[in-house]
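Trainee: I would like to see how this sequence folds:
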Amino acid sequence: MDSSDDQHSKSKSTTTTTNGGATTSGIRSSSTNTSFIGKHRLAAIISQQNQQIQIIQEELDQLETLGQSSLVCQQLILSVESSTDALLPVTKGPADGGWDRWFQRANHSSSRNRKRWI
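Mentor: A predicted model of the protein is given here:
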């Protein structure tokens, strides 16, 4: 038997069933019966789900015993708003007036003289 026949024989299993004295033999492919789960694997999955439910229930119980979070949030907001932003530069003295021209509206008299071609 070469390696391809060996791989083919591994993917199939032979079953023998006895029905009221009559014995039938058939070949069942493992790829066609993928929805079959063994008792032990099913029990392990159920046990894992029960553990996850228990963990979530414990977390919910802990959340119910906590105090009001709104008071803590208000204190946090006041603390953050009272401190300066470390990413914004702090300028001492007058700001550079050259930057103001980029943020001001265009002069209406100069915009009347220019025609827009759209």
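Trainee: Can you classify residue 70 by secondary structure?
Mentor: helix (DSSP: H, G, I helix; E, B strand; the rest coil).
Trainee: What separation is there between it and residue 76?
Mentor: 11 Å (C-beta to C-beta, to the nearest Å). No exception for glycine: its C-beta is placed from N, CA and C like everyone else's.
Trainee: The two: which is more packed in?
Mentor: More crowded of residue 70 and residue 76, by other C-beta atoms under 10 Å: residue 76, with 11 against 8.
Trainee: what helix or strand is that one on?
Mentor: Counting by DSSP states H and E, the element that carries residue 76 is helix 69-82.
Trainee: Could I get the CA-only coordinates of that helix as PDB?
Mentor: C-alpha atoms of helix 69-82 as PDB (Å, rounded to 0.1, in the frame of the first residue of the first chain):
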ATOM      1  CA  SER A  69     -19.500  55.600  39.700                       C
ATOM      2  CA  SER A  70     -20.900  59.000  38.600                       C
ATOM      3  CA  LEU A  71     -19.200  60.700  41.600                       C
ATOM      4  CA  VAL A  72     -15.900  59.200  40.600                       C
ATOM      5  CA  CYS A  73     -16.400  60.300  37.000                       C
ATOM      6  CA  GLN A  74     -17.300  63.800  38.100                       C
ATOM      7  CA  GLN A  75     -14.100  64.000  40.100                       C
ATOM      8  CA  LEU A  76     -12.100  62.700  37.200                       C
ATOM      9  CA  ILE A  77     -13.500  65.200  34.800                       C
ATOM     10  CA  LEU A  78     -12.800  68.100  37.200                       C
ATOM     11  CA  SER A  79      -9.200  66.800  37.700                       C
ATOM     12  CA  VAL A  80      -8.700  66.600  33.900                       C
ATOM     13  CA  GLU A  81     -10.200  69.900  33.100                       C
ATOM     14  CA  SER A  82      -8.300  71.800  35.800                       C
END
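Trainee: Noted, bye for now.
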